[in-house]
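Engineer: here is the input, now give the coordinates:
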Amino acid sequence: MVKSLVLQEALSIPSVIEKFISIDNNPYLEIANLINNKKIKYLVTVARGTSDCAALYSSYIFAKYLGLPTYSMPPSIITLEKSKFNFSEALVIVISQSGKSEDLVECEKKSKEMGATTMLITNNENSPIINEAHYFFNMYAGEEKSVAATKTFVQTLLILIKLVYLIQEKDEINDHIKILSDFLLNDSQNQWDTNLVDPSINTGYILGRGVGFALSNEISLKFKELCQEMIEPFSSAEVMHGPKSLIQDSFKIFMLSMNDKSGLSVIKDSKEITNYTKLIYNISSMDNNNFYYTPNKISELDSITIMSKFYPWIVRYANKKGLDPDNPRYLTKVTQTY
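Structural biologist: Have a look, this model is predicted:
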């Protein structure tokens, strides 16, 4: 049986990371100097789709570890509303797998004109933004042909995690990244079972907190793109403020628990959710869970592990539903919006 293209790309993540280790020459220290010298007071991210999920992830880790407020700016604020900002103390991070989206190209250009230091994370060495941005970070993921992004999302997380650690002068992150590929290969021996989830139910939530909420947004997007399921992402705290009233027996809930304080909160919140539906699936590093992942010594790298296990699973789950994950309905690789 020929593997689908998106499955091949998802399964290639360990080898992509291994290659990344030897060729990564991104300007982490230049950004570290800017931030540590107090030239940057806040961050602004600009992205769409899966890249925007990575941008949300960055907002948590930059705030948590560096104390830097991070704002996710809708591109339309600049492209449609023509809003003006004083970005003289801002680092504007544009994240785009293709580096071609017209609205993101425009946002980088206008942000720079407003005084921002601009940084681009892309997988396209020929992106028109590269010559404009002050700093260019290459995902080094290799060509990603699938409509649904997988390895580029993981590579973006890896760059963001490494950047935050190096800004804090925690060089040990490099040692942990060096063994990450082997770690993922070992963990992949325990694949998640597609039979655990009822494919006839197409509605539900995925709940997380902290960086887990950012991952929940990407997981939700993949359920929509590949499986045509409306699995909505919520903070496990926010869902208590209204959305829980929608939960019923024919409603599936994924609980994503990170190996940190936010994960403990999700576990606590899940106890109430069990009163409303029995279709609860736990993504956790705790034993005996439906979707177990092996925790890493660096907890932030758990995000890489989770997504490396999730992507092959969601492709196989889409196949089980009779869908073609290589050709998601109505979608194209590069979406032109403005």
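Engineer: the helices in this structure, which residues?
Structural biologist: Assigned by DSSP state H, the chain shows helices spanning 5-11, 13-23, 28-36, 49-66, 76-79, 102-113, 151-167, 172-178, 180-187, 211-227, 261-273, 302-320.
Engineer: give me the buried positions along the last one.
Structural biologist: Spelled out, it's helix 302-320. Neighbour counts over helix 302-320 (16 or more other C-beta atoms under 10 Å) mark 302-319 as buried. For glycine as for every other residue, the C-beta is placed from the backbone atoms N, C-alpha and C.
Engineer: model confidence over that helix, on average?
Structural biologist: Averaged over helix 302-320, pLDDT sits at 97.
Engineer: chain center to it: distance?
Structural biologist: Mean-position distance between helix 302-320 and its chain equals 13 Å (C-alpha atoms, centre = their mean, to the nearest Å).
Engineer: could you do the third one as well?
Structural biologist: Average the C-alpha atoms of helix 28-36, do the same for its chain, and the two points are 23 Å apart (C-alpha atoms, centre = their mean).
Engineer: just the angle for it relative to helix 151-167, thanks.
Structural biologist: Counting by axes from the mean of the first three to the mean of the last three C-alpha atoms, to 10 degrees, helix 28-36 lies at 60 degrees to helix 151-167.
Engineer: what sits up against helix 28-36?
Structural biologist: I40, L66, L68, L91, T117, M119, Y135, K162, L163, L166, I167, E169 (C-beta atoms under 8 Å, 6 or more residues apart in numbering).
Engineer: which strands or helices does the one helix or strand in the chain whose mean pLDDT sits lowest pack on?
Structural biologist: Averaged element by element with mean pLDDT, DSSP states H and E, the chain has its least confident helix or strand at helix 261-273 (a mean of 83). Contact here means 3 or more C-beta pairs under 8 Å, 6 or more residues apart in numbering; DSSP states H and E; on that basis helix 261-273 packs against strand 203-208, helix 211-227, strand 252-256, strand 280-284.
Engineer: circling back to that earlier point, could I get the helices of the chain as JSON lines with distance to S250?
Structural biologist: Output for these, formatted as JSON lines (distance: least, C-beta to C-beta, whole Å):
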{"stretch": "helix 5-11", "distance to S250": "29"}
{"stretch": "helix 13-23", "distance to S250": "34"}
{"stretch": "helix 28-36", "distance to S250": "48"}
{"stretch": "helix 49-66", "distance to S250": "27"}
{"stretch": "helix 76-79", "distance to S250": "36"}
{"stretch": "helix 102-113", "distance to S250": "38"}
{"stretch": "helix 151-167", "distance to S250": "30"}
{"stretch": "helix 172-178", "distance to S250": "42"}
{"stretch": "helix 180-187", "distance to S250": "32"}
{"stretch": "helix 211-227", "distance to S250": "16"}
{"stretch": "helix 261-273", "distance to S250": "15"}
{"stretch": "helix 302-320", "distance to S250": "18"}
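Engineer: for those, which one sits closest to T337?
Structural biologist: Counting by C-beta to C-beta, T337 lies closest to helix 102-113 out of the helices of the chain; the figure is 5.4 Å.
Engineer: which positions in the closest one come out as buried?
Structural biologist: So for helix 102-113, counting by 16+ other C-beta under 10 Å, buried means D103, L104, V105, E106, C107, E108, K109, K110, S111, K112.
Engineer: with these in mind, which one is nearest to L196?
Structural biologist: Nearest member of the buried residues of helix 102-113 to L196, counting by C-beta to C-beta, is L104, at 37.4 Å.
Engineer: got the contact list for that closest one?
Structural biologist: V46, A47, R48, P75, V94, S96, I129.
Engineer: what's the neighbour count on the last one?
Structural biologist: Same thing as I129. 22 (other C-beta atoms under 10 Å).
Engineer: sketch out the low-pLDDT regions of the stretch 201-338 of the chain for me.
Structural biologist: 288, 334-336, 338 (pLDDT under 70).
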